[in-house]
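A.B. asks: Coordinates for the following, if possible.
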Amino acid sequence: MKFLLGTAGALALLVAGSGAALAQSGSIGQAVGGYSFDDAAQEAEGTKDFHSNDGVLTFAIVTHTAGNGFFDPVYVGATVAGNMIGANILLLGSESPTDDPAREIEILNQIVNDPTIDGIIMTTPQVGAYDDIVRTAQSNGIPVATTNSFDPTILNRNGISHTGQDASAAAIAGEALVQCLMDRGISSGSIILPNDTAMGNVEVNNRVTSAFNAIVASLSANGMLENFQVDAGPENVGVSADMNDPANSIISLIESRGDVVGAFAGNNVFTPALASAVEQTGNTGQMCAYGFDLGPAQQEALRAGNLTGALGQQPFLQGFWPVMQLYLQIDRGISAANLDTRAQLVTGDTVGSVGSRYEN
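C.D. replies: Sure thing, here's the model as predicted:
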């Protein structure tokens, strides 16, 4: 009997032990092709000597406005990626706090012929202005990646990776705006979407259109559309406002209508201006005001109640992924792997969580 009990106990231990072994039985030791994963994961022998042939990869990232803080986490993301792969990252851009594609293009023209550059990352807010840069870079054997703003017509678009937020993400703010109106019991009034289309930033224009369509659709779905006047201009890319005096432009729009209960701004020029206009017209905490980006001005406006919500682009990714993409293109032959960074809706209730780990 003791013998039987002992055997049963041993069997129990054997079954328990075999369960642990079976849990690991799906591990893969090598590729079907016969090579080891450790060997295949090594960097290619000539990667560090690509183009500049100096034993280190050097990538330049150039933006159209480095002066307002939005691109700070983009530069952080690029630096993190560079540290991971052992690459030098040159952080370049227009010093202006507002969109300045002319200065960006000037910088790009300076670096595209630099023999020490192995890859270029650039924003493309001015559609049609970057073909010569791409052409020269390709002629010099320098791969290009674009980030943030999107130029659908750029030379070799299908061969160039893009990291950024699709304009359709603005619909999130449009839906939130209508929900804000309902939560506050606002049943009628005007909703304005100010923009300056003379800026030539097609991506911003598309954001305004996406937000407009979402507002109209949400109002209609809730049986409220006939009670509101939604104004995004004659082509739904924005009611006309002045980029050089955005706050006063929006104040004029609010005061001339007299019944504005909601507003949406599509970029980091008009969003802080919208917040300022809300405060100056005495609408703090009253108007459903939504905008774009989560820089310091937007965060302060959310805390103060001058903005109801703002959409972030998760800009860390807009620096991190293009660096990794260029590296993969050089080391692995992987190209045009796009990344949609989507949108992060931040309100006054959640703004306190923004800013950790240098992300805004």
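A.B. asks: quick one: the strands in the protein?
C.D. replies: 58-63, 88-93, 119-122, 144-147, 162-164, 189-192, 194-195, 228-231, 239-240, 260-264, 288-292, 309-312, 339-340, 344-347 (DSSP state E).
A.B. asks: What residues of the second one count as buried?
C.D. replies: This points to strand 88-93. Buried residues in strand 88-93, counted by 16 or more other Cβ atoms under 10 Å: 89-93. C-beta coordinates here come from the backbone N, C-alpha and C atoms, glycine included.
A.B. asks: sorry, back to before: how about the strands of the chain, which one is nearest residue 26?
C.D. replies: strand 339-340 (30.0 Å; Cβ to Cβ).
A.B. asks: So what's the gap between the closest one and the chain middle?
C.D. replies: 8 Å (Cα atoms, centre = their mean, to the nearest Å).
A.B. asks: now do stretch 114-123
C.D. replies: Per Cα atoms, centre = their mean, the centroid offset for stretch 114-123 relative to its chain is 21 Å.
A.B. asks: Could you tell me the end-to-end distance of that stretch?
C.D. replies: Start-to-end span of stretch 114-123 (Cα to Cα, to the nearest Å) is 19 Å.
A.B. asks: do the same with stretch 259-277
C.D. replies: Using Cα to Cα, the two ends of stretch 259-277 sit 14 Å apart.
A.B. asks: The buried residues of strand 88-93 into JSON lines, with extra columns for distance to residue 345 and pLDDT?
C.D. replies: Shown next, in JSON lines, are the buried residues of strand 88-93 (distance: Cβ to Cβ, whole Å; pLDDT from 0 to 100):
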{"residue": "89", "distance to residue 345": "30", "pLDDT": "98"}
{"residue": "90", "distance to residue 345": "33", "pLDDT": "98"}
{"residue": "91", "distance to residue 345": "28", "pLDDT": "98"}
{"residue": "92", "distance to residue 345": "31", "pLDDT": "98"}
{"residue": "93", "distance to residue 345": "27", "pLDDT": "97"}
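A.B. asks: Contacts only, for residue 161.
C.D. replies: 145-146, 322, 325, 329, 335-339 (Cβ atoms under 8 Å, 6 or more residues apart in numbering).
A.B. asks: let's go with 6 Å and repeat that
C.D. replies: 145, 325, 336-338 (Cβ atoms under 6 Å, 6 or more residues apart in numbering).
A.B. asks: Let me have these in CSV, adding pLDDT, neighbour count and distance to residue 242 as columns.
C.D. replies: Listed next are the contacts of residue 161 as CSV, based on pLDDT from 0 to 100; neighbours: other Cβ atoms under 10 Å; distance: Cβ to Cβ, whole Å:
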residue, pLDDT, neighbour count, distance to residue 242
145, 98, 25, 34
325, 97, 26, 37
336, 86, 14, 38
337, 92, 14, 39
338, 95, 15, 34
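A.B. asks: Give me the phi and psi for residue 238.
C.D. replies: With angles defined as degrees, to the nearest 10, residue 238 sits at phi 130, psi 140.
A.B. asks: heads up, I number from 18, so please use that
C.D. replies: Understood, numbering begins at 18; the last thing we discussed is residue 255.
A.B. asks: residue boundaries of the helices in the chain?
C.D. replies: 19-40, 54-57, 89-102, 118-128, 148-156, 188-200, 219-238, 263-274, 287-297, 313-321, 332-349 (DSSP state H).
A.B. asks: Among the ones you listed, which comes closest to residue 254?
C.D. replies: helix 219-238 (4.0 Å).
A.B. asks: and the angle from that closest one to helix 287-297?
C.D. replies: Comparing the axes of helix 219-238 and helix 287-297 via axes from the mean of the first three to the mean of the last three Cα atoms, to 10 degrees yields an angle of 50 degrees.
A.B. asks: Now do the contacts for residue 270.
C.D. replies: Applying Cβ under 6 Å, 6+ apart to residue 270 gives the contacts residue 209.
A.B. asks: ok, it to residue 260 distance?
C.D. replies: From residue 270 across to residue 260, the span is 14 Å (Cβ to Cβ, to the nearest Å).
A.B. asks: that older thread, of all the buried residues of strand 105-110, which two lie farthest apart?
C.D. replies: 106 and 110, at 12.6 Å, using Cβ to Cβ across the buried residues of strand 105-110.
A.B. asks: quick one: low-confidence ranges for this structure?
C.D. replies: 18-41, 216-217, 372-377 (pLDDT under 70).
A.B. asks: quick one, domains of it?
C.D. replies: 64-182+332-358, 184-329 (automatic domain parsing).
A.B. asks: Could you take those and lay them out as JSON lines, with extra columns for distance to residue 56?
C.D. replies: Listed next are the domains of the chain as JSON lines, based on distance: least, Cβ to Cβ, whole Å:
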{"stretch": "domain 64-182+332-358", "distance to residue 56": "14"}
{"stretch": "domain 184-329", "distance to residue 56": "41"}
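A.B. asks: And the ones you listed: which comes nearest residue 365?
C.D. replies: That would be domain 184-329 among the domains of the chain, by Cβ to Cβ, at 4.9 Å.
A.B. asks: dump the residue contacts of residue 180.
C.D. replies: Neighbours of residue 180 in contact, by Cβ under 6 Å, 6+ apart: 164, 335, 338-339, 356.
A.B. asks: Could you do residue 154 as well?
C.D. replies: 129, 137, 161.
A.B. asks: thinking again about what came up before, in CSV, list the strands of the chain along with distance to residue 193.
C.D. replies: Formatted as CSV, the strands of the chain follow (distance: least, Cβ to Cβ, whole Å):
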stretch, distance to residue 193
strand 75-80, 28
strand 105-110, 31
strand 136-139, 31
strand 161-164, 26
strand 179-181, 21
strand 206-209, 13
strand 211-212, 18
strand 245-248, 15
strand 256-257, 20
strand 277-281, 10
strand 305-309, 6
strand 326-329, 5
strand 356-357, 19
strand 361-364, 6
